[in-house]
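Enquirer: predicted model and sequence follow; I will ask about them next.
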Amino acid sequence: MAKMPVTPLEIRRQLLHIALGLLIVSLLNHGILDSWILFWMLAGGIIVSWISINHRIPIVGWFLDKFERKQVRPGKGVITYFIGVILALQLFPPDIAYAAILILAVGDGVSSLIGPFGKLKTRLSDKKLFEGTIAGAAFGGAAAMAFVDPAEAFIAAFIAMLFEAMEIRFNQKLLNDNVTVPLVAGTVIILLRGWNLGL
């Protein structure tokens, strides 16, 4: 969503971002994946990331070349992605967790692809563009409708994308949107149901 060139690397990254979420939700919904499998995949990914700092691992190195930004910890994006997914699965009922993961996958991915073509900056950040936020909310909400009520899906997606547009810091460190987006989306749906707004 930041105003940055839509390079081939960024296109590949965001398409992977979207595809990974769709795949994970599909496998979870069919009982092929669960939180424990994802946890061990995350643990393995952290180990591989640590080794990759000083050593090139076959196949892994190719993926890092194709999908990872330079000057960041190897595999950081995938690691934070899995953390966000696992937290959503642990904190929310399955339908809400799946919707939250789809908002992360589709909403955040689309916002990053559309945002650079926008012109209107949000008031939440000088680096974020209104068009990206709206596109992310629209597509993320549409994807989340597969598991939750349409009103829940679009309200959660919109609020999650607003949070994605902010630069939220904790102890001087910028919080990663791969973690914040699904947590915000799931929390919004829980609150909507708890308030019994008749959505």
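Expert: Cool, the structure landed.

Enquirer: got a list of contacts for the helix or strand containing residue 109?
Expert: Using DSSP states H and E, residue 109 sits in helix 109-114. Applying CB atoms under 8 Å, 6 or more residues apart in numbering, the external contacts of helix 109-114 come out as 1-2, 6, 10-11, 13-15, 17-18, 21, 131-133, 135-136, 139-140, 161, 164. To be clear about C-beta, it is placed using only N, CA and C from the backbone, and glycine gets the same treatment.

Enquirer: next one: stretch 18-38
Expert: Contacts for stretch 18-38 (CB under 8 Å, 6+ apart): 78, 81-82, 85-86, 89-90, 94, 98, 101-102, 104-106, 109-110.

Enquirer: for residue 20, give its distance to residue 81.
Expert: Distance of residue 20 to residue 81, computed by CB to CB, to the nearest Å: 7 Å.

Enquirer: same question but for residue 98, I mixed them up
Expert: Computed with CB to CB, the distance linking residue 98 and residue 81 is 15 Å.

Enquirer: what does residue 71 give?
Expert: 19 Å.

Enquirer: the more surrounded of these two?
Expert: residue 81 (26 against 5; other CB atoms under 10 Å).
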